[in-house]
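In: Compute the structure for the input listed below.
(one chain, ligands or ions: 1)
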Amino acid sequence: MFFSKIIGVGHYVPENVVTNFDLEKLMDTTDKWIQERTGIKERRFHPTEEHSTAKMGAKAAIMAMERAGVKKEDVDAIVFATLSSDYFFPGSGVLVQKILDMGTIPAIDIRAQCSGFIYSLSVADQFIRSGMYKRILVIGAETQSVALDITTRGRGTAALFGDGGGAVLLEAHSDEGKGILSTHLHSDGNFADALRVKAPGTGRDKTFYPGIEQDHENIHPYMEGQLVFKHAVRRMPEAVIEALEHNKLTIDDVDMLVPHQANLRISQMVQRMLKLPDDRVYNNIQKYGNTTAATIPILMSELWEQDRIKEGQLFALTAFGSGFTWASALIRW
Ligand code: ACO
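Out: Numbering: from 1, shown residues only. Next up is the predicted model:
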């Protein structure tokens, strides 16, 4: 019997800090509005193509491998979560493989947006449980800034998102009850249009049609913010409870909740619904905004750096996002 455990965590964010005050100069918004509604104070926007999604993912992966003390030659597969791949195709997984010179191991991209990291963790966990691979890099990285409409027209979404990458290295082990205990994935495509970027895409005559650059509703993120909020605060705690019940555990067993960083108000509501005290929930959206598939590995990498991950602790991961997709995972360190 094989199970998977996380043996290294890493992250990378661009140095370029964009504060709410910087956004005030570019659109009709205020630091007060953004902080009150989202908790965000600043985010990172990549300054050049030197910080593409794959490049940030590769840097996070290097940190995860170094912290694990594992050489790239000993990794069997790459699973990459992103909604902002460098190319239309191929995905960013193979680009990381090229950047890091990782031979001919398989590299796949997972498109599950904000839930992408937990979906990818689940895919990698199943590969390891089946005995197919022993070590897998799971990466989540996003370059949101290039797709945002950073004007007053786009202020409803432009203030929320940021760039960054995170990664974990999973390894097979045989110690039941340790590592990834279970993952739980859901989606509801009826809400596909409630949070999306529609173009460029193949759902029309031409991928790049005349006037695409002015088609602001389709080339920038479109979001029904209040609908997303309403579903997120229902689905994220629901997924945590599902995971706990599956493992015959209760919320009292959880040492740390690691929620996808969509909005601090969403995290706070999820925390209240699960009746968790402040010291058992970790948020960092204040610094980075919503980095979509990267939020959870960035949070875990910071917890790792702060020495806040202890052997035997139980972590609950939960995410909600475009699709709609939502997911949870339980990890026993
Ligand atoms: N600055 C100032 N005013 C703004 C801004 C801004 N950045 N953005 C919107 N407004 C204005 C609107 O234009 C509107 O003005 P109006 O009343 O004159 O029309 C007013 O503020 C209220 O707008 P609402 O959209 O109703 O504001 P709401 O209270 O719903 O807050 C928010 C918006 C923060 C986006 C909220 O709906 C939310 O957090 N939703 C969840 C979104 C989310 O988390 N998305 C990401 C999750 S999925 C993923 O990660 C991909």
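In: Tell me how many other residues crowd residue 132.
Out: Neighbour count of residue 132, defined by other C-beta atoms under 10 Å: 14. To be clear about C-beta, it is placed using only N, CA and C from the backbone, and glycine gets the same treatment.
In: so is it in a helix, a strand, or just coil?
Out: Here residue 132 is recorded as coil under DSSP: H, G, I helix; E, B strand; the rest coil.
In: list the buried ones in the host helix or strand of residue 118?
Out: For residue 118, the host element (DSSP states H and E) is helix 116-129. Neighbour counts over helix 116-129 (16 or more other C-beta atoms under 10 Å) mark 116, 117, 118, 119, 120, 121, 122, 123, 124, 125, 127, 128 as buried.
In: Repeat that for stretch 8-28.
Out: 8, 9, 10, 11, 12, 13, 14, 18, 20, 23.
In: you'd agree the last one is up against residue 158?
Out: When you say that, I think you mean residue 23. Yes - contact criterion C-beta atoms under 8 Å: residue 23 and residue 158 qualify, at 7.2 Å.
In: hey, what's in contact with both of the two?
Out: residue 150 (C-beta atoms under 8 Å, 6 or more residues apart in numbering).
In: picking that back up, just the angle between the next helix or strand after the helix holding residue 118 and helix 116-129, please?
Out: Moving toward the C-terminus from helix 116-129, the next helix or strand (DSSP H and E) is strand 135-142. Angle of strand 135-142 versus helix 116-129, following axes from the mean of the first three to the mean of the last three C-alpha atoms, to 10 degrees, is 170 degrees.
In: Run the chain-centre distance for the host helix or strand of residue 61.
Out: Assigned by DSSP H and E, residue 61 belongs to helix 53-68. In terms of C-alpha atoms, centre = their mean, to the nearest Å, the centre of helix 53-68 is found 14 Å from the chain centre.
In: Show me what counts as buried in the helix or strand just after that helix.
Out: Per DSSP H and E, the first helix or strand lying C-terminal to helix 53-68 is strand 77-81. Within strand 77-81, the residues scored as buried using 16+ other C-beta under 10 Å are 77, 78, 79, 80, 81.
In: circling back to that earlier point, just the closest of the buried residues of helix 116-129 to the ligand, please.
Out: residue 116 (9.6 Å; C-beta to the nearest ligand atom).
In: Spell out which residues of the stretch 201-333 of the chain are next to the ligand.
Out: Residues of the stretch 201-333 of the chain found near the ligand (C-beta under 6 Å from any ligand atom) are 223, 225, 226, 228, 229, 262, 263, 266, 290, 292, 321, 322.
In: Backbone dihedrals for the third one, both of them.
Out: Here is the backbone geometry of residue 226 (degrees, to the nearest 10): phi -70, psi -30.
In: Residue 189 - how many residues pack around it?
Out: Other residues lying near residue 189 total 9 when counted by other C-beta under 10 Å.
In: Could you grab the helix/strand/coil label for the closest residue to it other than its chain neighbours?
Out: Nearest-residue entry for residue 189: residue 323, 6.8 Å, with adjacent residues in sequence omitted and distances by C-beta to C-beta, 6 or more residues apart in numbering. Following three-state DSSP, we place residue 323 in the coil state.
In: and if you look at residue 28?
Out: Three-state assignment for residue 28 (three-state DSSP): coil.
In: give the contact list for residue 111.
Out: By C-beta under 8 Å, 6+ apart, the contact set of residue 111 is 81, 82, 83.
In: likewise residue 267?
Out: 39, 259, 261, 281, 283, 285.
In: Among those residues, which ones are in strands?
Out: Under the assignment DSSP state E, the contacts of residue 267 contribute residue 259 to strands.
In: For the contacts of residue 267, give me TSV that also has neighbour count and pLDDT.
Out: As requested, those are exported to TSV (neighbours: other C-beta atoms under 10 Å; pLDDT from 0 to 100):
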residue	neighbour count	pLDDT
39	18	98
259	29	98
261	31	98
281	18	98
283	19	98
285	26	98
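In: In helices only, show me the contacts of residue 267.
Out: Under the assignment DSSP state H, the contacts of residue 267 contribute residue 285 to helices.
In: picking that back up, max pairwise distance over the residues of the stretch 201-333 of the chain next to the ligand: which two?
Out: The distance between the two most remote of those (C-beta to C-beta) is 19.4 Å, for 226 and 292.
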